[in-house]
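Visitor: need the 3D shape of this:
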Amino acid sequence: SASLQYRQQGSGTWIDGMAMTSDRRATIASGGGSVANPYVNEWRASVLKVSANTTYEVQVTFADADGLGGTNPATGSTTTRTDLWPSTGNSYYVATDGDNGADGSIGTPWLTIAYGASQLATGDTLYVNAGTYTEGLILVTVSGTSTDYTTIRNYGTDNVTIVPTGNVTLGSWEPAVQIKSNYTRFRGFTFASGNMAIYAGPTSFPGEVQPHDVIIEYNVMTDNKTLVSSPSPYIGILVGGRSESFVTDMYNITVQNNDVYLVEPGPPGTNNVALTTGPAIQYFHAGPGAVVRNNRVFFSGTLQGGTHGQDGINGMTNIDYEYTWRDADIYGNYITGATDDGISLDGSGMNVRVWGNTITRTNMAISTAPLIVGPTYVFRNLVYDGERHWIAGVGFSKNGEDSNGNVYLYHNTVVLDNRLVGTTFTDGSGKDATASYVYTQLGGDGGASNISGANNLLIVDGPFVVVTESYPTQDYDLIYNYFTQTTYSYWAKFA
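Guide: Numbers count the residues shown, from 1 in each chain. Predicted structure coming up:
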């Protein structure tokens, strides 16, 4: 066995961390097959409720009836990331009546954001005054340092709208903004139209800067949709690579306090849009250290018949065990109307923590199909009012596809019941599901023995679990299930 403890440096009291999960698997799933497990014999766990920019001591104590070798307990220290990102360099300004031949001062500002971004040095701040800016690609290439970020932002509380020209009618992949720098903060803009708002990542790999420690915050993507001419679906914020073969060395990318509005196309050809939009926020081979917090995602419109839905927050690729959702925190987000999963955790799932999110009107709330490495913790989330968008059933947790990484779901509140007043049963949307489930393998196969749930409040009007092989482990949930012949509440404990 192994136990985890931690304490703030200088404190005399050790605090118990989460229960540790051992990994004894010789092989793990990968791309429809299996590979040797590179993490075999590891013990893994997480620590919660720590303070930012603070050093902690950590110890893991082992016990084994057959004896131990080496140092016991194993000890180390780590410093948490800061929530303060200072920029101490020069300040420059952009205004709609500026001039790119000026010096960029507050009295003689530049005209375009793209030009201003190209003139920055480490630690500088570019302030953009109120107005609408029609711009080509805004390329951010100047890195800051860990104590002196490069910042591009709106001035004060000014409303700044970016109308991109490079990706509206040309059907190119080009985003409105590409961040190819480290220790960079980008905040406070509204994006109108376009096929991609913000991309944090390199154009090619290797040979370019692989961004790390980037903050994308307080931006708004308004009523965006995928154009017929586009080679790829609209994505509000894309972090990482651009295809399944594109692997990056990125890490520590924070996406917080953004609003993303996406429009599904409706009937074919409507408004010059393609079959479907893309996910609102996507991490694609984006490495460890992701923080996705306090964003709001709004889907509207209707999918074309038979079209695969899209996720609110998404990790790609879902068969990757190295780069997708590793050492990540996803919390405080509000997601409504996503036409597939509210939050897709498919992939590695190594030490991923998902909590405090509100997910409503989605086909599935949480997907862990597959969850390859683990452990992933899903706790204190609110899920309600599921809607059918492209598959018949709705549910809380989608599992399967040969997953065997540990998933822990606890203290969640799930209300998937079309009988409640104010849900899709009465709102006239026509998106009622034939049944609602807690655990389902819709879109997947394999067992659910890697899923462990406890202390959840669950209200459903369909079968509690729909699996083809092994059941999940459930302990001490309060379940109210309209699907049973006699309606009743009960505590569940089965394996």
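
Visitor: for the stretch 351-495 of the chain, what spans make up the strands?
Guide: Counting by DSSP state E, counting those that start in this stretch, the segments of the stretch 351-495 of the chain that form strands are 358-360, 364-368, 376-379, 382-384, 394-399, 407-410, 413-416, 436-440, 451-454, 457-460, 465-466, 473-481, 489-494.

Visitor: relative to strand 436-440, how tilted is the longest one?
Guide: Following axes from the mean of the first three to the mean of the last three CA atoms, to 10 degrees, one obtains 170 degrees for the angle between strand 473-481 and strand 436-440.

Visitor: buried residues in strand 473-481?
Guide: By 16 or more other CB atoms under 10 Å, the buried positions in strand 473-481 come out as Thr473, Gln474, Asp477, Ile479, Tyr480, Asn481. Quick note: C-beta positions are derived from backbone N, CA and C, even for glycine.

Visitor: save the strands of the stretch 351-495 of the chain as a markdown table, and put in distance to Ala45 and mean pLDDT too.
Guide: Shown next, in a markdown table, are those (distance: least, CB to CB, whole Å; pLDDT from 0 to 100):
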| stretch | distance to Ala45 | mean pLDDT |
| --- | --- | --- |
| strand 358-360 | 25 | 96 |
| strand 364-368 | 18 | 92 |
| strand 376-379 | 9 | 97 |
| strand 382-384 | 25 | 94 |
| strand 394-399 | 21 | 85 |
| strand 407-410 | 11 | 95 |
| strand 413-416 | 25 | 90 |
| strand 436-440 | 24 | 77 |
| strand 451-454 | 14 | 90 |
| strand 457-460 | 25 | 87 |
| strand 465-466 | 27 | 72 |
| strand 473-481 | 18 | 83 |
| strand 489-494 | 24 | 42 |
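
Visitor: would CSV of those strands with distance to Thr147 be doable?
Guide: Below are the strands of the stretch 351-495 of the chain laid out as CSV (distance: least, CB to CB, whole Å):
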stretch, distance to Thr147
strand 358-360, 35
strand 364-368, 37
strand 376-379, 32
strand 382-384, 38
strand 394-399, 42
strand 407-410, 36
strand 413-416, 41
strand 436-440, 46
strand 451-454, 42
strand 457-460, 45
strand 465-466, 51
strand 473-481, 46
strand 489-494, 51
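
Visitor: between these, which one is nearest to Asn182?
Guide: With CB to CB, the closest approach to Asn182 among the strands of the stretch 351-495 of the chain belongs to strand 376-379: 27.6 Å.

Visitor: that older thread, biggest separation within the buried residues of strand 473-481, which pair?
Guide: Thr473 and Tyr480 (20.3 Å).

Visitor: who does the residue nearest in space to the middle of the chain form a beta bridge with?
Guide: Geometric centre of the chain, nearest residue: Ile313, 4.3 Å, by CA atoms, centre = their mean. Taking DSSP bridges as the rule, Ile313 bridges to Ile281, Ile343.

Visitor: cool, and Ile253?
Guide: Val214.

Visitor: which residues are in contact with Pro211?
Guide: Counting by CB atoms under 8 Å, 6 or more residues apart in numbering, Pro211 touches Ile179, Lys180, Ser181, Asn182, Thr184, Ala200, Gly201, Pro202, Met250, Ile253.

Visitor: same question but for Val394, I mixed them up
Guide: Neighbouring residues of Val394 by CB under 8 Å, 6+ apart: Thr362, Asn363, Met364, Gly386, Glu387, Arg388, Leu416, Ala433, Ser436, Tyr437.

Visitor: look up how far Asp475 lies from it.
Guide: Val394 is 24 Å from Asp475, where distance means CB to CB, to the nearest Å.

Visitor: again, but for Thr145
Guide: 48 Å.

Visitor: now the buried residues of strand 473-481 as a markdown table including distance to Phe246?
Guide: Below are the buried residues of strand 473-481 laid out as a markdown table (distance: CB to CB, whole Å):
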| residue | distance to Phe246 |
| --- | --- |
| Thr473 | 37 |
| Gln474 | 39 |
| Asp477 | 41 |
| Ile479 | 43 |
| Tyr480 | 46 |
| Asn481 | 44 |
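
Visitor: contacts for stretch 294-303?
Guide: Residues outside stretch 294-303 that contact it (CB under 8 Å, 6+ apart) are 223, 225, 236, 255-266, 276-277, 280-281, 309-310, 312-313, 331-339, 361, 389-390.

Visitor: go with 6 Å
Guide: Outside stretch 294-303, the residues that touch it by CB atoms under 6 Å, 6 or more residues apart in numbering are 256-264, 266, 280, 312, 332-339, 389-390.

Visitor: for PyMOL, what selects the buried ones among those?
Guide: With 16+ other CB under 10 Å as the criterion, this PyMOL line picks the buried residues out of these:
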select buried, resi 256+257+258+259+260+261+262+263+264+280+312+332+333+334+335+336+337+338+339+389+390
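
Visitor: where helices are concerned, which of the contacts of stretch 294-303 count?
Guide: If you go by DSSP state H, those have nothing in helices.

Visitor: sort out for me which of the contacts of stretch 294-303 are in strands.
Guide: Gln256, Asp259, Val260, Tyr261, Leu262, Val263, Tyr334, Ile335, Thr336 (DSSP state E).

Visitor: beta partners for the fifth one?
Guide: Counting by DSSP bridges, Leu262 forms beta bridges with Asn224, Phe299.
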